[in-house]
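**Q** model the structure of this input:
(chains A and B)
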Amino acid sequence: MGVAELKKVELYYHKSVQDDVAKALQYSGACQIIGDSKTEPRDGARHADTDARLAECEERQTHLRYLFRALGPYFKDPVSSIDRMFGEKPVLSMTELERTADGTDLGKLALSVKAMETELNDLRVEAAQHEIDERTLSKIADFPYTLDILGDGTRTLKGLLGTLTEGSLEALTEELKPLSRETELFAASRTSSKEKEVWCVLMYARTHEQQVLDAAARNGMVFTELPPHIRGTVAEESAKLAERRAECERREAEILESLKRTACEWMPVVQRLSDYWNIMTERYQAMEASDSTESTFRARFWVPAEVLPELEKRIGAASPDTALTASDPEEEDHPPTLLRNNAFNRPAEVLTNLYSPPVYGQRDPTSAMAPFFFLFFGMCLGDAGYAMVMASILWILFKKYRKIPAGTRNFMSLFCAGAAATFLYGAVTGSFFGDFIDAFFFMAFLRPIKEALLLVDPMKNPMAILGVSLFLGVIHLMFGLGVAAYDEIRRGNYADAAGGKISWILFVTGLILVGLGGSGILPSPLYTAGAVMAAVGTCLIFWYAGRGEKNIFLKVGLGLYALYGSTSYLGDILSYSRLLALGLGSAVIGSVINLLGKMIAGVPFVGWTLALVVIVGGHVFSIAINLLGAFVHAMRLQYVEFFSKFYSGDGATFTPFQIRTQYVDVLKN
Amino acid sequence: MELLGLALALLGAALAGGMAGVGSAIGIGIAGESAAGVMTEDPDKFAKCLMLQALPGTQGFYGFIIVFMVMVKLEMFGTPLSISWVQGLMIFAACMPVALACWISAIYQGKTSAAAIQMISKKPDAVGKALVLPAMVETYAVLSLLTSILLLMFGVQLG
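**A** Down below sits the predicted model:
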């Protein structure tokens, strides 16, 4: 229970067996390597071969990253990412992976894909150019001569293609009149009346070139060039361009097809190899973390004490040229934290780790928190129908997937327990998809069951639930203080336990008893008991706050200041009123959906169909939003109100050196 | 003038629903901009981003809950009760905590969510902490909902 005991292991091994040792450690998945090759200086020469292998890994991974990026969009993965999350991956042995790695030339594959990509890009650029030229030609469709006049021209003649505005066309024509024997200005007929510009071809005798160009420039003619290969008539050239563009498109489709084929054939291999090279990279990085002499290496790592004997056996089996010593963590060490809890509390470890795991050797708050988390989650979601929907979805997932990874399974178990608490709370508060049972006549047969289970209806009697919420809050907070007091006593800090923790338990509980006893809710002997408790608590708080001071006034001042801290308890307790508000919220939203459904059911002919859509859609939406709220707020009550009483976190999670894969499951042979 | 009470009560309910909705829309919008920014870099964070973006959405629902409770209180699904203008003003007052606190808290929760989304873009493992920070803001929306509910149930006596 709590935090697993770790041993610090030093393993000495001969250089010749370093591969076997690293492999055995990685397969065991039980040790966290100490020392990081990135931060600690190391002796480069001794790790030269490992460096070379890491460089090889990096090169392969560069190819793999490129292939993922280039082929990914053309590949439809037969294993969906949801399936993968729930552990549906092909199972392969390491030998098979090695064989695939040896038999695949990733560099060649990447080169061939790159060639296809380059050709594809070139084709696209070419097709785009053809399209632009075609569009230009379409503007001068009625140009009567061949287009070679625009390029080189003849010995005496030359032509220029460009656009003019309507006004400047007239001006230019006017200006060129004196040169009418040496020039011709062809204006294309416009394809649509919206166009403001006119496409023109200005032809002139080379003898008057400068004069004509000046005139064109003065009138703002904008020149356009056609590629030199366009020399025939407009009709001929347009046909040729269209043909070429079609050819580009055909070739593009061919390449796309072949990319798709390549993706289909190679992506599974790429995925496998990505896992393989990740495994190898981690292995070599772990090897680099070892210290070494000429021929002896020393690896240091943390291992949970309970798996140490098995690890020794594994290493012994891997090679006899090893020596292993295990010791307890020392003062200056910072061991990571591995949580160990029983089956009931294990799912809630997720929550502890989300906050921050405890420092090694300190209390694991999981078991103290788990029951409260489930209870609060149940009260916030608070609907038996929603709980049943959750449970069914989880049941289907558990049924469908047989190899769910531990992390995902823990999360699902967390929601299973949450659903159970929600169902119970929903049953005793009579909430089943809101007021579904009361709202619809065909649910009447369930009313007796609902009535029998009903303890209190929050819609009619919210004050009772508010009382329960605040009461649970007090229990939760006092429990947190109690845990803190227990920890202080165990460490021998009796003064801290009495003055900093127990004093507050007495003070807060006492004041509440005084309040409730005084207003007649509780019998009056409890009032007296409460008054005594509060008085003792106050004395303890004053003594503890002022114990370091000699001056009596300062003592009193510090005591008063400490007592002012009680406002934070008031805030903490009131914070639990959210249990009522959120539970009531789900119930009201559920009821509103039912009401809308009932109103729509009155529409003639299609009423009940529409009502079904509204009711099902509405409740699905309501489940989603209330589930998020319930999770976040139940979590917040643990993190903010509860943990602040006794827990700081600040530990580091135990992250073992192991086979970590994304696309395949590795069979450890 | 006999409908003035009803009008005041409806005005309160409409403000609770409307202002809380406006706040949520602004808050979700702010968080959404941040989420879109993070997802251009890393589309795989969609689920986490969406969860954080949805957080300021609850205020709109709190407003809606109050609208519904006012309507139930006034029996508007049948023949509406006839109430005096003082009673109408009381209902109006009971609606104000949600109208004001939900409106403004949703906007600030949206800003906190946006920052939390930036946080998980750098540290995806810190999603637990990233969820708690915006939830701190929501506390006051929840409290205002509770205040409005209690005021409606026990503060306003009709007939």
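**Q** how about residue 83, nearest residue that isn't a chain neighbour?
**A** Just so you know, I chose chain A. residue A:401 (7.7 Å; Cβ to Cβ, 6 or more residues apart in numbering or on different chains). C-beta: built from backbone N, CA, C; applies to glycine.
**Q** my bad, the chain I had in mind was chain B
**A** residue B:5 is the one closest to residue B:83 (Cβ to Cβ, 6+ apart), at 3.9 Å.
**Q** what's the neighbour count on the one you found?
**A** 23 (other Cβ atoms under 10 Å in any protein chain shown).
**Q** so it: helix, strand or coil?
**A** Assigned by DSSP: H, G, I helix; E, B strand; the rest coil, the conformation of residue B:5 is helix.
**Q** do you know how far the residue nearest the centre of chain B is from residue B:144?
**A** By Cα atoms, centre = their mean, chain B has its centre lying nearest to residue B:59, at 1.8 Å. Distance check for residue B:59 against residue B:144: by Cβ to Cβ, to the nearest Å, it reads 9 Å.
**Q** same check, this time on residue A:597
**A** From residue A:597 to residue B:144 the distance is 29 Å (Cβ to Cβ).
**Q** so which residues of the stretch 51-200 of chain A form helices?
**A** Remark: helices assigned in the stretch 51-200 of chain A by DSSP state H, counting those that start in this stretch are A:81-85, A:94-103, A:106-139, A:166-176.
**Q** need those in CSV with distance to residue A:233, mean neighbour count and mean pLDDT, can you?
**A** Listed next are those as CSV, based on distance: least, Cβ to Cβ, whole Å; neighbours: other Cβ atoms under 10 Å in any protein chain shown; pLDDT from 0 to 100:
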stretch, distance to residue A:233, mean neighbour count, mean pLDDT
helix A:81-85, 57, 12, 83
helix A:94-103, 58, 14, 89
helix A:106-139, 10, 15, 92
helix A:166-176, 23, 16, 85
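**Q** tell me which helix or strand the closest residue in space to residue B:138 that isn't next to it in sequence sits in.
**A** Spatial nearest neighbour of residue B:138, excluding adjacent residues (Cβ to Cβ, 6+ apart): residue B:109 at 5.8 Å. Counting by DSSP states H and E, the element that carries residue B:109 is helix B:85-122.
**Q** check the average confidence over that helix, would you?
**A** For helix B:85-122, the mean per-residue pLDDT is 94.
**Q** beyond that helix, next helix or strand please.
**A** As assigned by DSSP H and E, the chain's next helix or strand after helix B:85-122 is helix B:127-150.
**Q** other SSEs contacting that next one?
**A** helix A:349-355, helix A:462-490, helix A:578-600, helix A:607-636, helix B:46-54, helix B:58-73, helix B:85-122 (3 or more Cβ pairs under 8 Å, 6 or more residues apart in numbering or on different chains; DSSP states H and E).
**Q** turn the ones you listed into JSON lines, columns for distance to residue A:64.
**A** Converted to JSON lines, the helices and strands packed on helix B:127-150 look like this (distance: least, Cβ to Cβ, whole Å):
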{"stretch": "helix A:349-355", "distance to residue A:64": "30"}
{"stretch": "helix A:462-490", "distance to residue A:64": "49"}
{"stretch": "helix A:578-600", "distance to residue A:64": "47"}
{"stretch": "helix A:607-636", "distance to residue A:64": "37"}
{"stretch": "helix B:46-54", "distance to residue A:64": "24"}
{"stretch": "helix B:58-73", "distance to residue A:64": "43"}
{"stretch": "helix B:85-122", "distance to residue A:64": "24"}
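**Q** closest one to residue A:504 among the ones you listed?
**A** Among those, the nearest to residue A:504 by Cβ to Cβ is helix A:462-490 (5.8 Å).
**Q** ok, that closest one near chain B or not?
**A** Yes - contact of helix A:462-490 with chain B (Cβ under 8 Å from any Cβ of the partner chain) involves A:462-463, A:466.
**Q** of the helices and strands packed on helix B:127-150, which is nearest residue A:391?
**A** It's helix A:607-636; of those, that one is closest to residue A:391 (Cβ to Cβ) at 11.9 Å.
**Q** might you enumerate the residues of chain A proximal to chain B?
**A** By Cβ under 8 Å from any Cβ, the residues of chain A that approach chain B are A:351, A:353-355, A:462-463, A:466, A:574-575, A:577-578, A:580-582, A:584-585, A:588-589, A:591-592, A:595, A:625, A:628-629, A:632-633, A:635-636, A:639-640.
**Q** which non-adjacent residue is nearest residue A:175?
**A** Nearest residue to residue A:175, sequence neighbours excluded (Cβ to Cβ, 6+ apart): residue A:215, at 4.9 Å.
**Q** the one you found: neighbour count?
**A** Per other Cβ under 10 Å, the neighbour tally for residue A:215 reads 21.
**Q** I'd like to know how far the residue nearest to residue B:138 sits from residue B:45.
**A** 20 Å.
**Q** what's stretch A:561-579 in contact with?
**A** A:376, A:379-380, A:465-466, A:468-470, A:472-474, A:476-477, A:504, A:507-508, A:511, A:538, A:541-542, A:544-545, A:633, A:637, A:640-641, B:139, B:142-143, B:146 (Cβ atoms under 8 Å, 6 or more residues apart in numbering or on different chains).
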